[in-house]
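Undergrad: Here's my sequence, what's the structure:
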Amino acid sequence: MTSPTTPPTAGDSSAAGAAGSPIGGSPAAGPDGSDGAGGQPPFAARLLRNLWTGNSVTVTALALVLATVIGAILMIVSDAKVRATYGYLFARPGDALNASWLKVSDAYANLFKGSIVDPNAVSRAINGTLPWERVFFPISETLTYAAPLAFTGLAFSVAFRGGLFNIGVQGQAIMGAIAAALVGFLLPLPVGLHLVVALIGGAVGGALWGGIPGVLKARTGAHEVITTIMLNYVALFFLSWLIIQQGIQMVGRSDAISRAVDGNAELPRLLASVGPSLRVHLGIVVAVLATWGVAWLLRRSTFGFELQAVGLNPAAARTAGMRVETTYVTTMVVAGALAGLGGSMILLGTALSLTTAVVGSVGFDGLLVGLLGRAKPWGVLVSALFFGALQAGGNRMQSFSGISLELVGVLQALIVVFVAAPALVSTIFRLRPSAGGDLQTGMARGW
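TA: Next up, the predicted model:
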């Protein structure tokens, strides 16, 4: 008889099975979901475990959720009728909950319908009671807003990856719009060539304006945050003076507006054959190509390597033989050229004339786009599409739901706040630390 303390022999299969698992000899699962014999946990368990970590994708998605929830609360608080139902909440709680749900769901539904597609418009277009132009209008507006945002977001991101905090994207976009406009209505050039030269002019105008703080940084150590902020005002004042000069101001007008660019220099509209109200133009295609070019520049070129090395540690880069000052100048020139193209997209695509508000706040919005995209080119493009959707859908929210455009700006700010504070999001949702550390995008050393 075998003693209870005697270990089973190698040939005793029944004993081995009983020791391994109570079911048919299969190994028992470990506490981490593994198979107990050194194997990996099930795929679903590993997927959930990886998703619920503080990686960039999870934090960005949860930041959107938090911003959406807080935005919903602000919609409820700002509506007097909904707010009144909370005066008798304990007597009839259903009224408050129903009114809140109707307000928030209607607002976000109109945000979707105004930025992507309206399902009702699709059904009516299929039935022939509505032109297809109305179906494509929301996505057309989103892409129209996204094109310049992609360029200004890239302008901020390139400088950010090089250790510089480029707040002067707004001024660089203004100078790019000015240069594109001057080429657009002063140079008589044929179709095709005129557009190319105008875009090049816009890039050169932004590059020259971006190069100024780059040179000051390299030669004197002047802080780029201060110099770029000052140059924003200089660019705006220069624009205000320029558009009222003889030969620049539109003939027959007394207000501050320039001549319109020639038709040869306009960015062609991609959906003009569908309807005249569809404003999406070739600029969105150029933005995609520019994103690919910047991604290649950062990953494959010598300049991209030096730029990121200087951004991470200028002293180490200088010790390794890199020309840090030259890299600063080149980085700001490239960033300025991208911002100038962003201003050109607005001028040659939709505005067609210079005014004091020709670029709006596209430069400052580009900072938000760059931060949300974590200063990565393709992330910036996706972020630009998202912000373009917020702007396009915000117009419909204001018209159909009574939500102010300022609230859309609050949503944008909340998203960036949560994305820029991953520790806050991780604490709220109790995310595990990311093993890869991909949240550490690195704040610009100049800031």
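Undergrad: low pLDDT regions in this protein?
TA: The model of the chain has pLDDT under 70 over residues 1-41, 46-51, 54, 434-447.
Undergrad: Go ahead and flag the most central residue of it.
TA: Centroid-nearest residue in the chain: Ser383, 2.4 Å away (criterion: C-alpha atoms, centre = their mean).
Undergrad: Surely it and Leu154 touch.
TA: No: Ser383 lies out of contact with Leu154 (C-beta atoms under 8 Å); the separation is 10.4 Å. Placement of C-beta: from N, CA and C, glycine included.
Undergrad: in stretch 217-234, what counts as buried?
TA: Neighbour-count burial for stretch 217-234, with 16 or more other C-beta atoms under 10 Å as criterion, is recorded at Lys217, Ala218, His223, Glu224, Val225, Thr227, Thr228, Leu231, Asn232.
Undergrad: Any chance of those residues in JSON lines with secondary structure as columns?
TA: Putting the buried residues of stretch 217-234 into JSON lines (DSSP: H, G, I helix; E, B strand; the rest coil) gives the following:
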{"residue": "Lys217", "secondary structure": "helix"}
{"residue": "Ala218", "secondary structure": "helix"}
{"residue": "His223", "secondary structure": "coil"}
{"residue": "Glu224", "secondary structure": "helix"}
{"residue": "Val225", "secondary structure": "helix"}
{"residue": "Thr227", "secondary structure": "helix"}
{"residue": "Thr228", "secondary structure": "helix"}
{"residue": "Leu231", "secondary structure": "helix"}
{"residue": "Asn232", "secondary structure": "helix"}
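Undergrad: Find the pair from these with maximum spatial separation.
TA: Ala218 and Asn232 (20.3 Å; C-beta to C-beta).
Undergrad: still on that earlier bit, list the contacts of the residue nearest to the centre of the chain.
TA: By C-beta atoms under 8 Å, 6 or more residues apart in numbering, the contact set of Ser383 is Gly153, Val369, Gly370, Leu372, Gly373.
Undergrad: what about it, distance to Leu405?
TA: Going from Ser383 to Leu405 by C-beta to C-beta, to the nearest Å gives 19 Å.
Undergrad: mind listing what the closest residue to Gly184 other than its chain neighbours touches?
TA: Spatial nearest neighbour of Gly184, excluding adjacent residues (C-beta to C-beta, 6 or more residues apart in numbering): Val261 at 3.0 Å. Val261 sits next to Ala180, Ala181, Gly184, Phe185, Ala198, Leu347, Leu348, Leu352, Ser353 when contact means C-beta under 8 Å, 6+ apart.
Undergrad: Now intersect those residues with the helices, please.
TA: Within those, residues falling in helices by DSSP state H are Ala180, Ala181, Gly184, Phe185, Ala198.
Undergrad: for those, which one is nearest Val310?
TA: Using C-beta to C-beta, Ala180 comes nearest to Val310 of the ones in helices among the contacts of Val261, at 30.5 Å.
Undergrad: Stretch 178-194: end-to-end distance?
TA: 15 Å (C-alpha to C-alpha, to the nearest Å).
Undergrad: contact partners of it?
TA: 197-199, 201-202, 204-206, 238-239, 242, 258-262, 264-265, 340, 343-344, 347-348, 353-354.
Undergrad: Which of the residues you listed fall in helices?
TA: Of the contacts of stretch 178-194, the ones assigned to helices by DSSP H are 197-199, 201-202, 204-206, 238-239, 242, 340, 343-344.
Undergrad: can you pick the most crowded of those residues?
TA: Among the ones in helices among the contacts of stretch 178-194, Gly206 has the most neighbours (other C-beta atoms under 10 Å), with 38 neighbours.
Undergrad: That residue contacts Gly340, correct?
TA: Yes: using C-beta under 8 Å, Gly206 is in contact with Gly340, at 1.9 Å.
Undergrad: Pro148 and Met345 touch, don't they?
TA: Yes: contact status for Pro148 versus Met345: in contact at 4.2 Å, counting by C-beta under 8 Å.
Undergrad: Give me the contact list for the strand or helix carrying Tyr233.
TA: For Tyr233, the host element (DSSP states H and E) is helix 224-242. Applying C-beta under 8 Å, 6+ apart, the contact partners of helix 224-242 are 159, 164-168, 170-172, 174-175, 178, 209, 212-214, 216-217, 248, 256, 258, 332, 354, 356, 358, 363, 446-447.
Undergrad: for the longest helix along the chain, packing partners?
TA: The helix that spans the most residues within the chain, counting by DSSP H, is helix 132-161. If you count contacts as 3 or more C-beta pairs under 8 Å, 6 or more residues apart in numbering; DSSP states H and E, helix 132-161 packs onto helix 93-115, helix 119-127, helix 169-186, helix 283-300, helix 302-312, helix 324-346, helix 362-372, helix 377-396.
Undergrad: Is Gly252 located within a helix, as I assumed?
TA: No: going by three-state DSSP, the assignment for Gly252 is coil, not a helix.
Undergrad: For it, give me its contacts.
TA: Contacts of Gly252 by C-beta under 8 Å, 6+ apart: none found.
Undergrad: and what of Leu338?
TA: Phe151, Thr152, Leu154, Ala155, Val158, Ala203, Gly206, Ala290, Val294.
Undergrad: Could you identify the most distant pair in those?
TA: Maximum distance among these (C-beta to C-beta): 14.4 Å, for Gly206 and Val294.
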